[in-house]
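Undergrad: Provide a 3D model corresponding to the input given below.
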Amino acid sequence: MNVLLDTNIVLDVLLDRVPHVHDSGAIWRACDAGRCSGYISATCLTTIYYVVGRSAGRDAALSAVDRCLAAFEVAPVYRETLEAARRLAGADFEDDVQIACAMTSFLDCIVTRDPHGFATSSVPVLSPGLFLDHLDARRPPH
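TA: From the prediction side, this is the model:
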């Protein structure tokens, strides 16, 4: 399963945001274990750099970017991606770009803690808990 992780899921782990880090960390570990393939949008990396840098400094921000590049695939943001996002009817262009990334990269779903921001998505949108339940349901019995 190929899944786009919204920026908030990645930041939950990088910034140890309690209580969200529990489920978001489990998703990150599932990606590390090969249970799913995690993708982040190219624009997500610039946001991660900015947010982590603002709270923890430049070195921490660069380390966060390196961790993400090591852990996840990057869904590109081309002109066509931005044009597709512009055609979406969402209230937040940043969320529309995430949706367009998932569409143009042919990803199976988007995992976010902000499902309302993805109400216009044609790609299924799951909360972290629902995504983990879905992964557990696909796990073969021992």
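Undergrad: so where's this protein uncertain?
TA: Applying pLDDT under 70 to the chain picks out residues 139-142.
Undergrad: got the residue ranges for the strands in it?
TA: Remark: strands assigned in the chain by DSSP state E are 2-5, 37-41, 73-75, 109-111, 125-126.
Undergrad: now find how far off-centre the second one is within its chain.
TA: In this view, strand 37-41 has its centroid 6 Å away from the chain centroid, taken as C-alpha atoms, centre = their mean, to the nearest Å.
Undergrad: check the last one too.
TA: Strand 125-126 sits 11 Å away from the centroid of its parent chain (C-alpha atoms, centre = their mean).
Undergrad: I'd like to know which elements it is packed against.
TA: strand 109-111 (3 or more C-beta pairs under 8 Å, 6 or more residues apart in numbering; DSSP states H and E). From N, CA and C alone the C-beta is placed, and that goes for glycine too.
Undergrad: mind putting the strands of the chain into TSV with mean neighbour count and distance to residue 53?
TA: Formatted as TSV, these follow (neighbours: other C-beta atoms under 10 Å; distance: least, C-beta to C-beta, whole Å):
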stretch	mean neighbour count	distance to residue 53
strand 2-5	24	20
strand 37-41	21	17
strand 73-75	19	19
strand 109-111	24	24
strand 125-126	22	28
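Undergrad: between these, which one is nearest to residue 82?
TA: When the strands of the chain are compared by C-beta to C-beta, strand 37-41 sits nearest residue 82, at 11.0 Å.
Undergrad: just the CA coordinates for that closest one, please, in CSV.
TA: C-alpha atoms of strand 37-41 as CSV (Å, rounded to 0.1, in the frame of the first residue of the first chain):
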residue,chain,number,x,y,z
SER,A,37,5.3,2.6,1.5
GLY,A,38,5.3,6.1,2.9
TYR,A,39,5.3,9.1,0.7
ILE,A,40,5.6,12.8,1.5
SER,A,41,5.1,15.7,-0.9
